[in-house]
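Peer 1: With the sequence up front, the predicted model follows.
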Amino acid sequence: MITAYRTSAKEALESASIIEEEDVLIVELTFTYEQLPAVMSTLKSLQLKVTEQQFELDCRLVCELPVSDIPALEKLKHLENVKLIDHGIKK
């Protein structure tokens, strides 16, 4: 019984792969509908994952951003008339 367990555990560990994932920062963008084209263009160019969206007169997007991507965060911070709220690292 112990030998079978040892063998199956060894085989499982040998066939397992290590998956490394970078932490992501959750950021919320709020802006008027007029800014939507500029915001969406920026998000597309940065290839950010949008996890929540609300499109009305006042729009709201929640995105995931790799913590190491400082240039992308700076681009988002400098969008005109867009409020950025940093919700911290995704748990």
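Peer 2: That came in fine, so what should we check first? Residues are numbered from 1 along each chain as shown.
Peer 1: Every contact and neighbour count from this point should use C-alpha atoms.
Peer 2: Will do.
Peer 1: Run me through the strand neighbours of the helix or strand Arg60 falls within, direction for each.
Peer 2: Take DSSP states H and E as the rule and Arg60 turns out to sit in strand 58-66. Partners of strand 58-66 in the sheet, by DSSP bridges, are strand 24-32 (antiparallel), strand 49-54 (antiparallel).
Peer 1: do you know which of those lies nearest Pro66?
Peer 2: Ranking those by proximity to Pro66 (C-alpha to C-alpha) places strand 24-32 first, at 4.4 Å.
Peer 1: hmm, who's touching the helix of greatest length in the chain?
Peer 2: If you go by DSSP state H, the chain has its longest helix at helix 2-15. The set of residues external to helix 2-15 that reach it, using C-alpha atoms under 8 Å, 6 or more residues apart in numbering, is empty.
Peer 1: Output the strands paired with strand 58-66 in JSON lines; the columns should cover distance to Tyr5, mean pLDDT and mean neighbour count.
Peer 2: Output for these, formatted as JSON lines (distance: least, C-alpha to C-alpha, whole Å; pLDDT from 0 to 100; neighbours: other C-alpha atoms under 10 Å):
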{"stretch": "strand 24-32", "distance to Tyr5": "37", "mean pLDDT": "94", "mean neighbour count": "19"}
{"stretch": "strand 49-54", "distance to Tyr5": "42", "mean pLDDT": "94", "mean neighbour count": "13"}
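Peer 1: Where does the prediction get shaky in this structure?
Peer 2: 1 (pLDDT under 70).
Peer 1: quick one: contacts of the strand holding Arg60?
Peer 2: Here strand 58-66 has contacts from 22-33, 36, 48-54, 72-73, using C-alpha under 8 Å, 6+ apart.
Peer 1: Would you mind putting the CA coordinates of the helix or strand just after it into PDB?
Peer 2: Next in sequence after strand 58-66, counting helices and strands by DSSP H and E, comes helix 70-77. Provided in PDB are the C-alpha atoms of helix 70-77 (Å, rounded to 0.1, in the frame of the first residue of the first chain):
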ATOM      1  CA  ILE A  70       4.600  50.700 -14.600                       C
ATOM      2  CA  PRO A  71       4.500  52.400 -18.100                       C
ATOM      3  CA  ALA A  72       0.900  51.200 -18.600                       C
ATOM      4  CA  LEU A  73      -0.100  52.500 -15.100                       C
ATOM      5  CA  GLU A  74       1.500  55.900 -16.000                       C
ATOM      6  CA  LYS A  75      -0.400  56.000 -19.300                       C
ATOM      7  CA  LEU A  76      -3.700  55.400 -17.500                       C
ATOM      8  CA  LYS A  77      -2.900  58.100 -14.900                       C
END
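Peer 1: Since that was my last question, I'll sign off now.
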